[in-house]
Structures are given as structure tokens and as C-alpha cells.
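A.B. asks: The following block contains a protein sequence and its predicted model.
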Amino acid sequence: VGSEMCIRDSYVEMALNYLRFEEMSNDLVLERNSLEQLVRQVVKKYAAIFIYNHISVQLEHLDYTVLTDEKWFCFVLEQILSNALKYTKQGSVKISTEESANGLKILVQDTGIGIRKEDLPRIFEKSFTGDNGRKSSSTGMGLYICRRLCEELGHKILAESEPGKYTRIGILFREREADVPVGF
């Protein structure tokens, strides 16, 4: 019951944020934020669902400072985690970072049912639910809003998946928006 209520609350929050979406640019506050603190804040919100569903969560290499809006970035992470928990019946969710020539990328990878290859290119489209969404209570709006928010924040959202094995969602911060971690 607790996990259903948390997911239902997530749908309500998504609907309210969608209504505010058009005026979002007036609400952006880009600041340097601790990536680890943002992630822990969101994971804490879903802690009961992780525990109830026996899904482990791993946090790795998050000691970066990123330029983003705390509220809207956390909303994006919440949507990604909500999806990971909805489609992962057992296993884990791993949140980590990866550096590349394009900049810093935060990755959220689950061991869920995955996304069909033919659906993957469309998951960020408005109202697209795909094969998995038709089998659950998907609105097709969550990842669309995430993509639009990431665009407004100057980030890029990416996805890869293998059905039956995993889904990995990445958010790319442009190189100038992220600091090198302390100690490297």
C-alpha cells in the first residue's frame, strides 16, 4: 500500500509540474549543487519502496558539483527512479557517474524488464507509452517532461536498454557545467 501511495503521489506531482511547465523558465535557479546530495535527497524519498520491494540501491562516484536547478533536477531524477522502481521487480538500481569528452554524465541503471529496441527511440516523445506502458499505468508524460526539463537546464537525457536485462538513463552535463571531483 505504501509503495502504491508514493507512486500515486508521484503522478499527482508530475501533473502539477506539467501545468507549471510552460512558465518554468521563470522559475529556474541555476546554482552549483552537490550531485551526491541531490541524489541522496531523491533516493531518500523512495527509500520505503526500495525496502518494501527488496530492491537494492548502489550510489557510486557522485562527488561532483554540477550547475543545475535543484528543484527541477530532483524532479527529473524522481521520474527516472519512479520508472526504475515501477519496472524492476527484483535486483537493483545503480546511480553513478561517467566522464567523457562530452562532459559528466549521471547514470541510473536498473535490472528491470528493459525497453524494446523499437520503442527506445520514442520514449521521450509526448504521450508515448510503448509496449511496457500499455501493460502498466503509464501516462507517457514522465520521460517527455524529463527531456523538456533537461533541455531547459542545458542538460541532455539519453537512454539505452536491453529487454529482460536493464535500462540505463543518463543525464549529460556539459563539460563547463561540472567540476572535476575532489582528489582526481
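C.D. replies: That came through, no problem.

A.B. asks: all contacts plus neighbour counts: C-alpha atoms, from now on.
C.D. replies: OK.

A.B. asks: residues contacting the residue nearest the centre of the chain?
C.D. replies: Taking Cα atoms, centre = their mean, the centroid of the chain lies closest to Ile80, which sits 2.8 Å from it. Residues near Ile80 by Cα atoms under 8 Å, 6 or more residues apart in numbering: Val108, Leu143, Ile169.

A.B. asks: cool, and Lys71?
C.D. replies: So Lys71 contacts nothing (Cα under 8 Å, 6+ apart).

A.B. asks: helix or strand for the residue nearest to the centre of the chain, which one?
C.D. replies: Counting by DSSP states H and E, the element that carries Ile80 is helix 70-87.

A.B. asks: again, but for Ile157
C.D. replies: Per DSSP H and E: strand 156-162 holds Ile157.

A.B. asks: between that strand and helix 70-87, how big is the angle?
C.D. replies: 10 degrees (axes from the mean of the first three to the mean of the last three Cα atoms, to 10 degrees).

A.B. asks: Now the element after strand 156-162, going C-ward?
C.D. replies: strand 166-174.

A.B. asks: So which residues make contact with that next one?
C.D. replies: 66, 80, 84, 102-115, 150, 154-161.

A.B. asks: what's the angle from that strand to helix 70-87?
C.D. replies: Following the same axes, to 10 degrees, one obtains 170 degrees for the angle between strand 166-174 and helix 70-87.

A.B. asks: ok, back up a step: show me what the strand holding Ile157 is packed up against.
C.D. replies: helix 142-153, strand 166-174 (3 or more Cα pairs under 8 Å, 6 or more residues apart in numbering; DSSP states H and E).
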